[in-house]
Structures are given as C-alpha cells and as structure tokens.
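Undergrad: Give me a model of this one.
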Amino acid sequence: MNYPIYLDYNATTPCAPEVIEAMIPFFAEHFGNAASKNHPYGWIAENAVEEAREAVARLIGAKSKEIVFTSGATESINLGIKGIFEAFQGERQHFITAKSEHKAVLDTFEEIEKKGAEVSYLPVNSLGEIDLEGLEKAILPHTKMICLMWANNETGIIHPIEKIAQLAESRNIILFTDAVQAAGKIPIFTQGIHLMAISAHKLYGPKGIGALYVRHNHSLPKPWPQIHGGGHEKNMRSGTLNVPGIVGFGKACSLRNQEMGEEVVRLEVLRNQLENQVLELSDTFLNGSQNNRLPHVTNIAFAGVEGEELLKKINQKVAVSSGSACTSITPKPSHVLKAMGLDSDLGRASIRFSLGRSTTSQEVEQAVNWVRQVIHKLRDA
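TA: Just a heads-up that it's a prediction; the model follows:
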C-alpha cells in the first residue's frame, strides 16, 4: 500500500525493530505463563517480566515494585481514579482535574460523579495553561485527588508538574498524572507523584500494554483493584500477564532512555521547520503556547476552510489528525481547543502534526508543500 507521510505519532507509534525482535521469542519458544512458578517455562517468563518492569521504572525514575502492568493507559486511568474513589468509600470526596484532559480521564470522572463524587474541572487559558492559584483555590477540606496530565496530547502544552506536586504534597492530596504523551519524549520524574499512567504504543512499543505507577511507602491509600481473579500484580490487577507485550514495553523504554536526549533536539528542529513554514500561510494560527511544550508537536488552525474537507484532503498525502485518536471518529470540534476558547469552526479546521523517530527533513518539506497546495485549493474553491 502507498502510505502517506506519517505525522500522527501522538496517536500511535510504530514498534521499533529492536522491540519486535525482543518480543518474538516470547510468542513461541518462551511461551510460558509468568505465574507458573514450578517449572522453567514460567521462570523464564517471570524473569523477562521483572527485567521489563525495571526498564519501565528506570524511564520514569521509579522503583520496579511501583510498576503495575495494565492493558494500556485507559485501564491505568480507570484503575487510578475509580480505585481511589473506592479506597475512600464512605467519605465525602472531591477531585480536581482540568477541562483539557484526555477523554479517558474526563469520562472516568463523569462515572464516579454518578456515584457521588464531587469533581472540579479547572479552566485553561487561550494557550491551554492552567492557573496554579486557581488550582490552589479549588482545593477543599475533602479533596482527595488532583488529576492533571503531564503534557497535552493535542497541543503539546506541558503543565508545571513540579509545582503541582509540591502543592499536592503540602496538602497531603494524591496527585495522579496522565504522562502518556510525556514518557519517553521528555525527562519525567515521580517525586511527589502518587499515580502515573503510561502507555507502550506511544513510545515505539506494542499496543495493548501500559502501566500504572503506584507510589509505595506513603500514608495515602493505594487504589483498590478494578479487576479481580488471581491476585496478579500485587493484587492490584488480576489476569494472565501479556508477557510478549511487557517485554516489548521494557525494550521500548530502554531505547527511549538511550535516544531521548538526541531525539528531543532533532525533532524540535524539524517541528519548528514545519510550523514556521505553515504559519507563513495567511490566516493560520498556532493553537497553544510556543513555549513550554513537547518538542515534536504543533497544532495549527486554518481559517477560511471547512474542517472535515481540510482533514480529508491533507490525509491523502500526509497522515495527521484533528485531535485525540480516541475522539477523531466524531466531527465535533476538539474539547481541548474549545476549552482554550477557539470557536467551533476554527476548532474543526485545526490540525495536529506530531513528528517521530522516522520523520525526516525531506518528509517535513513534502508535508509543508502539500499543506500549502491544499489550503490554496480549498480557499480558491
């Protein structure tokens, strides 16, 4: 198939060849169940899982015992939020999040609201930033959790997690961060953080595997399990472990630890090349801040064109999206851009370009030329 240029790395990334190579033996030769403690098939699988757990922990600055493997970030988010809600059952509970969070977070909070939780949804400004004073004022005596993403999946905006962690720590409140778009892209940490969701397929690992970081040795409660049956993963997430996926996740994290520093610099140059040239077109606008954002992402609004037609035409030669892959099946404008104050038409006519490991300068040049052609054609029509 003649694929278009791929600039949708925030939606998913291809498995690195080294990741595939590491996984293959665990589909056939080393096919054992990691919970089989009585023979070598199980021992080899278990050892591979624990090595991968250490690699995942190293990427985020955690201890290996703090990593709970899940089927992906959405499950990790559900486990973290619903699990804490259940841990505090019987008490009055208040949670704080932001209007620009991923739908996995917003929809999960909507579910616990139905069961009696109070949730405050912080606004963001036109750059997608939250107000730290507003966050502090939103804290109530019965606030149990602050849940804010590390970096936004649509605009790349990075929240001041260090300051948020200090605030949460000073008030003895659980801090949960969706670090899916940050892990493996920029250096991150766990100090002051209680829960963190990450996903393998966003950092050149396989789909269907993710993790929840759960802070140990702290007085605040850990989430209650949402899946029961066997007590796997320290009784926090029962189910036979996806050994090939976990091995691939671990290998991807090791690669990211090695490559991330150079990649940050390379991708920022390419992103700026794309962004600056596209913004030379009249009536185009950057969505979000030019500062304090992920190095590989830009989100650009194109005035004077119809959003659905724009996306359809661009994707003939350049694979991009108008927002989160989880919500791109609907023609509605992005809830993130709406929270930032963009009107519906401009929100629908916005495109997220996200670059990655295989992106070249030549591809960026070709993408820019195609965008120019499409915009001129649509505006002249």
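Undergrad: okay, CA-based contacts and neighbour counts for the rest of this
TA: Noted.
Undergrad: mind checking how far V336 is from H296?
TA: 18 Å (CA to CA, to the nearest Å).
Undergrad: One more: H232?
TA: In terms of CA to CA, H232 sits 36 Å off from H296.
Undergrad: So between those two, which is more surrounded?
TA: H296 (25 against 18; other CA atoms under 10 Å).
Undergrad: The more buried one: what's it in contact with?
TA: V264, L267, E268, L270, R271, S354, L355, G356 (CA atoms under 8 Å, 6 or more residues apart in numbering).
Undergrad: For F85, identify the helix or strand it belongs to.
TA: Element membership for F85 (DSSP states H and E) is helix 73-87.
Undergrad: who does that helix touch, helix- and strand-wise?
TA: helix 103-114, strand 174-178, strand 195-199, strand 210-214 (3 or more CA pairs under 8 Å, 6 or more residues apart in numbering; DSSP states H and E).
Undergrad: any idea of the angle it forms with strand 174-178?
TA: For helix 73-87 and strand 174-178, the angle between their directions (axes from the mean of the first three to the mean of the last three CA atoms, to 10 degrees) works out to 160 degrees.
Undergrad: Helix 73-87: how far from the chain's middle?
TA: Helix 73-87 has its C-alpha centroid displaced from the chain centroid by 16 Å (CA atoms, centre = their mean, to the nearest Å).
Undergrad: cool, stretch 62-73 as well?
TA: 15 Å.
Undergrad: now it: mean pLDDT?
TA: Stretch 62-73 shows a mean pLDDT of 98.
Undergrad: Excluding chain neighbours, what is closest to V19?
TA: Nearest residue to V19, sequence neighbours excluded (CA to CA, 6 or more residues apart in numbering): G248, at 5.1 Å.
Undergrad: ok, so what distance separates F27 from A35?
TA: F27 is 16 Å from A35, by CA to CA.
Undergrad: So those two - more neighbours on which side?
TA: Counted by other CA under 10 Å, F27 and A35 do not tie: A35 has more neighbours, with 16 against 12.
Undergrad: Buried residues of stretch 121-129, list them for me.
TA: Neighbour-count burial for stretch 121-129 flags Y121, L122, P123, V124, S126, L127, G128, E129 (criterion: 16 or more other CA atoms under 10 Å).
Undergrad: Now do the phi/psi pair for the second one.
TA: Dihedral angles phi and psi of L122 (degrees, to the nearest 10) take the values phi -70, psi 140.
Undergrad: That one: what's it in contact with?
TA: I96, T97, A98, K99, I130, G134, L135.
Undergrad: nearest to G116, of the contacts of H296?
TA: Here the nearest of the contacts of H296 to G116, counting by CA to CA, is S354; it sits at 38.2 Å.
Undergrad: pretty sure the closest one contacts N10?
TA: Yes. The pair S354 / N10 is scored as a contact, 5.8 Å apart, by CA atoms under 8 Å.
Undergrad: and the longest helix for this protein?
TA: Ranked by number of residues, the top helix in the chain under DSSP state H is helix 243-278.
Undergrad: Check which residues of stretch 239-250 are buried.
TA: G239, L241, N242, V243, P244, G245, I246, V247, G248, F249, G250.
Undergrad: isn't the first one right up against H232?
TA: The one in question is G239. Yes. Using CA under 8 Å, G239 is in contact with H232, at 6.2 Å.
Undergrad: pLDDT averaged over stretch 221-237, what's the number?
TA: For stretch 221-237, the per-residue pLDDT averages 94.
Undergrad: Off-centre distance for that stretch?
TA: Distance, centroid of stretch 221-237 to centroid of chain: 23 Å (CA atoms, centre = their mean).
Undergrad: Without its sequence neighbours, what residue ends up closest to P223?
TA: Nearest to P223 is G83, by CA to CA, 6+ apart, at 3.9 Å.
Undergrad: next one: A182
TA: Closest to A182 by CA to CA, 6+ apart is A151, at 5.8 Å.
Undergrad: Identify the residues contacting the one you found.
TA: I157, I158, H159, D178, A179, V180, Q181, A182, R293, L294.
Undergrad: now do 6 Å
TA: I157, I158, Q181, A182 (CA atoms under 6 Å, 6 or more residues apart in numbering).
Undergrad: Check S322 too.
TA: Contacts of S322 (CA under 6 Å, 6+ apart): S350, I351, R352.
Undergrad: which one of those has the most neighbours?
TA: S350 (30 neighbours).
Undergrad: Do you know the pLDDT at the closest residue to that one other than its chain neighbours?
TA: In space, and not counting its chain neighbours, S350 is closest to A301: 4.0 Å by CA to CA, 6+ apart. If you check A301, the pLDDT there is 97.
Undergrad: Assign a three-state SS to A301, would you?
TA: Following DSSP: H, G, I helix; E, B strand; the rest coil, the label given to A301 is strand.
Undergrad: For D8, see how far away it is.
TA: 16 Å.
Undergrad: before we move on, what about K99?
TA: For K99, the distance to D8 equals 23 Å [CA to CA].
Undergrad: which is the next helix or strand following the helix or strand where A57 lies?
TA: Per DSSP H and E: A57 is located in helix 40-60. For helix 40-60, the following helix or strand on the C-terminal side (DSSP H and E) is strand 67-70.
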